[in-house]
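Visitor: Predicted coordinates and the sequence they were generated for:
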Protein chains: 2
Amino acid sequence: MALEEGQNGGAEKVAAEVSFKSFKPQLFVEASKANDAVQFYKTAFGAVETCRTTQPKRKADQELPHIVSAQLQLAGSTFVVSGLSDDSASTKAGGTLFAMCLETEDLEAAVAKAVAAGAVAEGGIVEGEGACCCAERVTTVKDPYGFVWQFCSPADECGANVEA
Amino acid sequence: MALEEGQNGGAEKVAAEVSFKSFKPQLFVEASKANDAVQFYKTAFGAVETCRTTQPKRKADQELPHIVSAQLQLAGSTFVVSGLSDDSASTKAGGTLFAMCLETEDLEAAVAKAVAAGAVAEGGIVEGEGACCCAERVTTVKDPYGFVWQFCSPADECGANVEA
């Protein structure tokens, strides 16, 4: 990988190779309100939903299954509304109810490059469909200014369960 | 405007006409740290700066003028880093250090539509270059889930003072 580089060029070469396929702000909403939030963004801004993952319906009186993640298009960009699950409580307590998702083939390299620049890795790689933006692998870093960035594996095509 | 509509179609017709040219997350950072933050996003994620507005240099020992707003491109999307000025203190106290900017020709209609859907208008229209994303007119609403959205007039071409 560093064949053309001098002795000090290896790390920079690796870092320069990290590329991102998409950049999506992710807004966290209480799980019970996520359906309403998605509807609000459609009504208020004309956002169009393109992807939705849901939790199994847990209560008989629950009209719709809670959203894990819904992806919306707006003005040529994409953002994600995610339901805050119980284990996201730490995110909520920190006052950070949003993140920026960067889709990349190489989560490990992305984390390494961000940490080298001054970010702090938060936990390891989480696996499981719907963790973020319909991605199967997700990991998180916090930048020196307090903002949370999620590196997500490229999402599969995901149009099931999308409501018009 | 509602010529082709029935008696109840007027408001919906107006609402449907609001369109957004761009959607940009905006990250607020203390003004003294905004230069560093922009540099971090370049180094960590390979973001490319496309627009910068700065304050006049106020202190002799200040190496660079503080950033009012810098626009960065990343993975085909755009985000904005803005310096938190003193009068942004209320934003900071509320724990909301970010906003979503929606660029539109018609701020008033955008606010009206968002408020009709359940958002709350926060203050009036602020005028002044650099207020947000190099736009000249900006206004803010808070959605029912606590997120802040800024409607901005379309920004002029703005490449001055951009550092490589």
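Guide: Sure thing, it's come through. Numbering: from 1, shown residues only, chains lettered A, B, ... in the order given.
Visitor: Low-confidence stretches in chain A?
Guide: Across chain A, the ranges flagged by pLDDT under 70 are A:1-16, A:57-63, A:85-96, A:129-134, A:156-164.
Visitor: Strands along that one, start to end?
Guide: For chain A, applying DSSP state E gives strands covering A:22-30, A:48-54, A:67-74, A:77-84, A:98-103, A:120-132, A:135-142, A:148-152.
Visitor: how does chain A divide into domains?
Guide: A:23-90, A:93-157 (the TED database).
Visitor: would JSON lines of those with mean neighbour count and distance to chain B be doable?
Guide: Bear in mind the C-beta positions are built from the backbone N, C-alpha and C, glycine included. Shown next, in JSON lines, are the domains of chain A (neighbours: other C-beta atoms under 10 Å in any protein chain shown; distance: least, C-beta to the nearest C-beta, whole Å):
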{"stretch": "domain A:23-90", "mean neighbour count": "18", "distance to chain B": "4"}
{"stretch": "domain A:93-157", "mean neighbour count": "19", "distance to chain B": "4"}
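Visitor: so which of the ones you listed gets nearest B:Leu74?
Guide: Closest to B:Leu74 of those is domain A:23-90 (C-beta to C-beta; 4.8 Å).
Visitor: List the residues that contact A:Met18.
Guide: Met isn't right for residue A:18; it's Val. A:Val18 makes contact with A:Thr104, A:Asp106, A:Ala109, A:Ala110, A:Lys113, B:Gly46, according to C-beta atoms under 8 Å, 6 or more residues apart in numbering or on different chains.
Visitor: The residues you listed: which two are farthest apart?
Guide: Largest separation among the contacts of A:Val18 by C-beta to C-beta: A:Asp106 and B:Gly46, giving 13.0 Å.
Visitor: What would stretch A:31-41 look like as PDB? C-alpha coordinates only.
Guide: What follows is stretch A:31-41, C-alpha atoms only, in PDB (Å, rounded to 0.1, in the frame of the first residue of the first chain):
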ATOM      1  CA  ALA A  31     -39.300   5.700  19.700                       C
ATOM      2  CA  SER A  32     -43.000   6.300  20.500                       C
ATOM      3  CA  LYS A  33     -42.900   9.600  18.600                       C
ATOM      4  CA  ALA A  34     -40.800   8.600  15.600                       C
ATOM      5  CA  ASN A  35     -43.800   7.800  13.400                       C
ATOM      6  CA  ASP A  36     -45.200  11.300  14.100                       C
ATOM      7  CA  ALA A  37     -41.900  12.900  13.500                       C
ATOM      8  CA  VAL A  38     -41.500  11.300  10.100                       C
ATOM      9  CA  GLN A  39     -45.100  12.400   9.200                       C
ATOM     10  CA  PHE A  40     -44.200  15.900  10.400                       C
ATOM     11  CA  TYR A  41     -41.200  16.200   8.200                       C
END
